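Enquirer: compute the structure for the input listed below.
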Amino acid sequence: MVRIILTFSCLISFLSLAQSYRDILSLYFFEELQTIDLLLDRDCYFMQDGAPAHTALATRDFLRDTFGNSRVIGKFFGINWPARSPDLNVMDYFLWGYVKELVYVNGQFNNVGDMSEAIINAFDHIRQYKMNFVKNACRGFWTRVYDCINKEGRQLPHR
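Expert: Have a look, this model is predicted:
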């Protein structure tokens, strides 16, 4: 009986995470892409890893409706992204490190609320003042692809 309850509890948590992920994409991320005219751009691809919330059937349907199957890079889509490929992921090689620098500029936090506020402020700062950094990092994607090919898939340095 306990196993069934735990399984049901995990299923509810998974469904909540998948719905939250879709909400974040539709309410914030895709809205931002529309404001900078990238959502309809045929050269704009959406990439995600294989996390359960990312591969939920409803999430996959949502992304196919938004981008089509050929403009989503990830598990179960037209372009299957290889596992453990952070070297080419703009979020991994650029954005998260930059956000971390902004968030921890004054050191550690005493509580989750202060940390959450610092993360929100970091993204607001990027949105208001540093969108060119993000665009340049995205433009550098193909350079990193060619670097990866030249290094035969070995680790690339963070820039």
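Enquirer: buried set for stretch 118-133?
Expert: Using 16 or more other CB atoms under 10 Å as the test for burial, stretch 118-133 gives 118, 122, 126. In this view, the C-beta of every residue, glycine as well, is placed from N, C-alpha and C.
Enquirer: adding secondary structure, write those residues out as JSON lines.
Expert: Shown next, in JSON lines, are the buried residues of stretch 118-133 (DSSP: H, G, I helix; E, B strand; the rest coil):
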{"residue": "118", "secondary structure": "helix"}
{"residue": "122", "secondary structure": "helix"}
{"residue": "126", "secondary structure": "helix"}
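Enquirer: nearest to residue 63 among these?
Expert: Distance to residue 63 across the buried residues of stretch 118-133 (CB to CB) is lowest for residue 126, with 23.5 Å.
Enquirer: tell me how this structure divides into domains.
Expert: Per automatic domain parsing, the domain ranges recorded for the chain read 1-83, 84-159.
Enquirer: ok, the buried residues of stretch 118-133 vs residue 35, which is closest?
Expert: residue 126 (14.0 Å).
Enquirer: low-confidence ranges in the chain?
Expert: 1-16, 36-42, 82-89, 92, 153-155, 157-159 (pLDDT under 70).
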